[in-house]
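[1] give me the fold of what follows.
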Amino acid sequence: MSKGEGRSGKKCLAYVAVFVVFQAAIILLFALTVMKVRSPKVRFNAMVVESFSSNNNTATSIDMRLLAQLTIKNTNFGHFKYDNATLVVLYNGVPLGEAVISRGRTKARKTQRFNINVDVSTDRVVSDSNLGNDINSGILKLSSQAKLNGKVHLMKIIKKKKSGEMNCDWSVNLGNRQVENLRCN
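    The predicted structure follows:
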């Protein structure tokens, strides 16, 4: 074996080692960015009071219909397919209204927007002195919750269970019938 053959063999081995390290770095980068599955974000984007009525016999009886724009933001590189879910409107932890979010699919790296109607009635609240005070003040503080359970599908091979949760606080100005201070986390 001559001196030239030993050098070229070491050179070839060095090239192979550099190639393997480069491929490992690419695979690691791919696994940490594209293959990382995150939970989708579910939020109210906007909300309006569509109809409003109050019963003059009792100071705590209000019925209203809310039209809300719900957004589902999917930051994954695969689509998010979710099941039916329930959106609940609450006053101090007591449910005042519910709406069904129909099952669906949000495309990869997209935000899906759709409108949902929620009928809210304060007749469900039994003996809460704060409700009468809030109605008399003209500001009704409400919150809403929803949880979308589903799966993120990556490259039609990998399916990971994820859920998007929504917790929003907001208030209704009973004087001008406007939704104010909408904050979602």
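
[2] show me the contacts for the spatially most central residue of the chain.
    Closest residue to the average C-alpha location of the chain: Val42 at 1.5 Å, with Cα atoms, centre = their mean. Going by Cβ atoms under 8 Å, 6 or more residues apart in numbering, Val42 touches 70-73, 146, 148, 164-166. For every residue, glycine as well, the C-beta is placed using N, CA and C.

[3] just the buried members of these?
    By neighbour count, with 16 or more other Cβ atoms under 10 Å, these hold 70-73, 146, 148, 164, 166 as buried.

[4] turn those into CSV, including distance to Met64.
    Output for the buried ones among the contacts of Val42, formatted as CSV (distance: Cβ to Cβ, whole Å):
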residue, distance to Met64
Leu70, 18
Thr71, 22
Ile72, 25
Lys73, 27
Ala146, 19
Leu148, 25
Gly164, 26
Met166, 20
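
[5] so how far is stretch 113-124 off the chain centroid?
    Taking Cα atoms, centre = their mean, to the nearest Å, one finds the center of stretch 113-124 at 18 Å from the center of the full chain.

[6] cool, and stretch 32-39?
    With Cα atoms, centre = their mean, you get 17 Å for stretch 32-39.

[7] can I get it as PDB, trimmed to CA atoms?
    Taking C-alpha atoms only, stretch 32-39 is exported to PDB below (Å, rounded to 0.1, in the frame of the first residue of the first chain):
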ATOM      1  CA  LEU A  32     -37.500  20.300  16.800                       C
ATOM      2  CA  THR A  33     -39.400  22.600  14.400                       C
ATOM      3  CA  VAL A  34     -41.800  20.800  12.000                       C
ATOM      4  CA  MET A  35     -42.500  17.700  14.100                       C
ATOM      5  CA  LYS A  36     -43.200  19.600  17.300                       C
ATOM      6  CA  VAL A  37     -47.000  19.500  17.800                       C
ATOM      7  CA  ARG A  38     -48.600  22.400  19.700                       C
ATOM      8  CA  SER A  39     -52.100  22.900  21.000                       C
END
